[in-house]
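Enquirer: Got a predicted structure plus its sequence, pasted below:
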Amino acid sequence: MHDKKLTFVDQTFRDAQQSLWGFTMRTDHILPIAKIMDKVGFSAVGTVGGNGITVQVRVLNEDPWARIRLLSQMMPNTPLETSFMIGSLASFDIDTPRDIIALWIKRCVANGIRSFWNCDYQTDMEAVRYFSEIVKNEGAKNVGGLMYTFSPVHDSEHWARKTRMIAEMKDVVDSIRIEDAGGVLTPERTRELLAVVLKNCNGIPIEFHSHCNVGLAPLCYLEAIEAGVTILHTAVAPLANGTSLPAVESILRNAKRMGYTSDLDEEALAQVSEHFRAVAEQEGLPIGVPMEYDLYYFEHQVPGGMMTNLTRQLKEVGKGELLPQVLEEIIHVRKDLGYPVMATPYSQMVGAQSVENVISGERYQHVTDEVIKYVLGFYGESAGPVDQNMKDKIMATPRGKQLANWQPQGRFKPLEEIRKEVGPDLSDDELLLKIMVPGQPLKRTEQKKPARRPAGKPIAPVSVPAQFPSEFSVDVDGEVFNVKISPVWNGTGEAETTIQAESSPTKAKKAAREGSVLAGMAGLVLSFEVKVGDTVNAGDLVVMIEAMKMRRHLNCPHGGVVKEICAQIGEIVEPQDVLMVVA
């Protein structure tokens, strides 16, 4: 007999805001409602992991550790949950030292995280166990990830085998989270998948997490409930639907009609939804709406956040009209790579490579390092066979030949050695941020020029914590403003906000001139492969840029001598920025 009581993991701060708001939910959006949210009765509340933290630092200019500490203080009854990956922190560098990932887990717990889920694909179970034991030794909950996708090679036996691999670690796994990041489950597939998973999970509780990309997730949740799943991942209504998760209000309402109950405080839940609806209205942020059913989506399976990035990056290089071609190319590249799950990091690999193929006009003429390492087996066993013709072509490229004998060098580098290299005087938290977000120190600047306006719809009447963050950097059409927000609370729930802003000088851009080498795509400068005075030939690799978390090789369009380097490592560049002059 099925348990008739449901519990809910809230993803409003994590997957929901990633899907709909691109990780731009600020700490001051969250803190006024945190104490009310603690009363709702969620079994856990997700917060951003490595990739979200890079946005929090670079775009919001916030200290992510401070957010975790504040939330854990204001939500003592609700465990905060984040993620870890076995091969990297924030980028997809599979040579990230294990000691750094272990330190990330330990510092998360020290700052207030009480639960982790492992974003993995059962490709290296020794590493999964290694980090899972660290999570348990730190006293936190450990959730194994079963990443769902749909393809010709992902049959019932595939899911049975993957489930058994997690179940063999029952001593360090508290539950198994079915993660349908692409939203490609249908009600029928949900029934089939759960029959297999529940048969092979050795009694480990199952959590259900599916996105609404084709509008079917709410129906799939009801199928999961009927199958016996009682732990459901949802978001509050304003940040639900779209490419996000189903609304907790809707799932709960339908579950009640089916005879199920929960201990959620629905009055507190209504206040949380009202708060975030007000935030969306004030900030001009989107509110999720149900998606139309789209058969094409099951072919390309591009996650919602990634679709936004693809569209933006193509527009940046003046190729916005190529999006339909890129989506078609994604179908082809995914097949060539053996049908990887369209979730981090594989969806970015497939997407970035497809963009390269379409823009260059030739498949696999330019290949990302990650795809090369993937076909060499460093990302684990592929779900299906890798196309041999594609592999031969990739390994025949200049970069393929350079990486043919590549081996991880840093995976077992000791922490003390890393500390000496990165910053011996840094605290553990500072060390991790410097590694995760290179070249981006947190800055706080005194502002002038006060401007005053009344706030929009009043937000929940709670006292403001002493550590309430109040200063942010906002980029408006290329001009950076330092903004100071000072809430004035009168104890009645009404508030007015003082905003102080001052334009801060942006980096002077070099004007393009003869011999200029342009970035060509927005991204983070990782390294320069040449220095001033070097002679280069047309086609030589001169700069490495991180775009879509992939390493993108910038080859010099012409030969000559490097006259000037015009950017810095760790700098965010735009497509028309001059990186160097070669003449």
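Expert: Cool, the structure landed.
Enquirer: Give me the distance from the helix or strand hosting residue 392 to the chain's centre.
Expert: If you go by DSSP states H and E, residue 392 is part of helix 388-395. Averaged C-alpha coordinates place helix 388-395 at 30 Å from its chain's average position (C-alpha atoms, centre = their mean, to the nearest Å).
Enquirer: Any regions of this protein where pLDDT drops low?
Expert: Applying pLDDT under 70 to the chain flags the ranges 1, 440-510, 548-550.
Enquirer: For the helix holding residue 392, which helices and strands make contact with it?
Expert: Helices and strands touching helix 388-395, by 3 or more C-beta pairs under 8 Å, 6 or more residues apart in numbering; DSSP states H and E, are helix 369-375. Where C-beta positions appear, they are placed from N, C-alpha and C, glycine not excepted.
Enquirer: sorry, back to before: the helix holding residue 392: which residues count as buried?
Expert: Neighbour counts over helix 388-395 (16 or more other C-beta atoms under 10 Å) mark 390, 391, 393, 394, 395 as buried.
Enquirer: What residue, apart from its backbone neighbours, is nearest the third one spatially?
Expert: Excluding its sequence neighbours, the residue lying closest to residue 393 (C-beta to C-beta, 6 or more residues apart in numbering) is residue 364, at 4.9 Å.
Enquirer: Test my guess that that neighbour contacts residue 357.
Expert: Yes. If you go by C-beta atoms under 8 Å, residue 364 and residue 357 touch, sitting 6.7 Å apart.
Enquirer: Now residue 242: closest residue in space, sequence neighbours ignored.
Expert: Distance criterion C-beta to C-beta, 6+ apart; nearest residue to residue 242, sequence neighbours excluded, is residue 288 at 3.7 Å.
Enquirer: Now for that neighbour, how many residues are close by?
Expert: When counting by other C-beta atoms under 10 Å, one arrives at 24 neighbours for residue 288.
Enquirer: Likewise for the one 10 residues further on?
Expert: Residues contacting residue 298 under the criterion other C-beta under 10 Å number 16.
Enquirer: Please list all residues in contact with the nearest residue to it once chain neighbours are set aside.
Expert: Excluding the flanking residues, the one nearest residue 298 by C-beta to C-beta, 6+ apart is residue 184, at 5.7 Å. Residues in contact with residue 184, defined by C-beta atoms under 8 Å, 6 or more residues apart in numbering, are 148, 149, 150, 213, 214, 297, 298, 301.
Enquirer: Can you flag the buried ones in the residues you listed?
Expert: 148, 149, 150, 213, 214, 297, 298, 301.
Enquirer: Now do the SS call for the second one.
Expert: By that I understand residue 149. coil (DSSP: H, G, I helix; E, B strand; the rest coil).
Enquirer: before we move on, what about residue 274?
Expert: For residue 274, the secondary-structure state derived from three-state DSSP is helix.
Enquirer: Just give me the neighbour total for it.
Expert: 18.
Enquirer: which SSE is residue 255 in?
Expert: Using DSSP H and E, residue 255 sits within helix 248-257.
Enquirer: which residues touch that helix?
Expert: So helix 248-257 is in contact with 6, 8, 10, 218, 221-222, 225, 232, 234-237, 240, 262, 264, 266, 269, 273, going by C-beta under 8 Å, 6+ apart.
Enquirer: can you rerun that using 7 Å?
Expert: Identification of contacts with helix 248-257 by C-beta atoms under 7 Å, 6 or more residues apart in numbering yields 6, 8, 218, 221-222, 225, 232, 234-237, 262, 264, 269, 273.
Enquirer: Now, those that are in strands?
Expert: 6, 8, 232, 234, 262 (DSSP state E).
Enquirer: In CSV, list those residues along with distance to residue 545 and neighbour count.
Expert: Listed next are these as CSV, based on distance: C-beta to C-beta, whole Å; neighbours: other C-beta atoms under 10 Å:
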residue, distance to residue 545, neighbour count
6, 46, 21
8, 41, 24
232, 40, 24
234, 37, 27
262, 47, 20
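Enquirer: still on that earlier bit, pretty sure the residue nearest to residue 393 contacts residue 392?
Expert: No. Using C-beta atoms under 7 Å as the test, residue 364 is too far from residue 392 to be in contact (9.7 Å).
Enquirer: burial measure for residue 574, as a count.
Expert: Residue 574: 14 neighbours (other C-beta under 10 Å).
Enquirer: any idea how far residue 313 is from it?
Expert: Distance, residue 574 to residue 313, using C-beta to C-beta, to the nearest Å: 11 Å.
Enquirer: what does residue 151 give?
Expert: In terms of C-beta to C-beta, residue 151 sits 25 Å off from residue 313.
Enquirer: now residue 79
Expert: According to C-beta to C-beta, residue 79 stands 36 Å off from residue 313.
Enquirer: out of these two, which sits in the busier spot?
Expert: Each of residue 79 and residue 313 has its neighbours counted (other C-beta under 10 Å); residue 313 has more, 22 against 18.
Enquirer: Any buried residues in the helix or strand that contains the more buried one, and which?
Expert: Using DSSP H and E, residue 313 maps to helix 304-316. Neighbour-count burial for helix 304-316 flags 304, 305, 306, 307, 309, 310, 313, 314, 316 (criterion: 16+ other C-beta under 10 Å).
Enquirer: Quick check: the third one touching residue 349?
Expert: Put plainly, it is residue 306. No. Look at residue 306 against residue 349 with C-beta under 7 Å: they stay out of range, at 10.9 Å.
Enquirer: Which neighbours do those two have in common?
Expert: With C-beta under 7 Å, 6+ apart, residue 306 and residue 349 have no common neighbours.
Enquirer: Can you add distance to residue 532 and give the buried residues of helix 304-316 back as JSON lines?
Expert: Formatted as JSON lines, those follow (distance: C-beta to C-beta, whole Å):
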{"residue": "304", "distance to residue 532": "43"}
{"residue": "305", "distance to residue 532": "39"}
{"residue": "306", "distance to residue 532": "37"}
{"residue": "307", "distance to residue 532": "40"}
{"residue": "309", "distance to residue 532": "33"}
{"residue": "310", "distance to residue 532": "35"}
{"residue": "313", "distance to residue 532": "30"}
{"residue": "314", "distance to residue 532": "33"}
{"residue": "316", "distance to residue 532": "28"}
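Enquirer: Between the residues you listed, which sits nearest residue 518?
Expert: Closest approach to residue 518 among the buried residues of helix 304-316 (C-beta to C-beta): residue 316, at 11.7 Å.
Enquirer: any idea how far the closest one is from residue 103?
Expert: Counting by C-beta to C-beta - residue 316 and residue 103 are separated by 35 Å.
Enquirer: and if you look at residue 422?
Expert: Residue 422 sits 12 Å away from residue 103, going by C-beta to C-beta.
Enquirer: Give me the more crowded residue out of the two.
Expert: Applying other C-beta under 10 Å to residue 422 and residue 103 shows that residue 103 carries more neighbours, namely 21 against 15.
Enquirer: As JSON lines, the ones in strands among the contacts of helix 248-257 with distance to residue 132 would be great.
Expert: Shown next, in JSON lines, are these (distance: C-beta to C-beta, whole Å):
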{"residue": "6", "distance to residue 132": "26"}
{"residue": "8", "distance to residue 132": "24"}
{"residue": "232", "distance to residue 132": "23"}
{"residue": "234", "distance to residue 132": "25"}
{"residue": "262", "distance to residue 132": "29"}
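Enquirer: Provide the backbone phi and psi angles at residue 70.
Expert: Dihedral angles of residue 70 (phi, psi; degrees, to the nearest 10) stand at phi -60, psi -40.
Enquirer: Tell me if I'm right that it and residue 31 touch.
Expert: Yes. Using C-beta under 7 Å, residue 70 is in contact with residue 31, at 6.2 Å.
Enquirer: which one of the contacts of helix 248-257 is nearest residue 564?
Expert: Nearest to residue 564 among these is residue 235, at 48.7 Å by C-beta to C-beta.
Enquirer: burial measure for that closest one, as a count.
Expert: Neighbours around residue 235, by other C-beta under 10 Å: 30.
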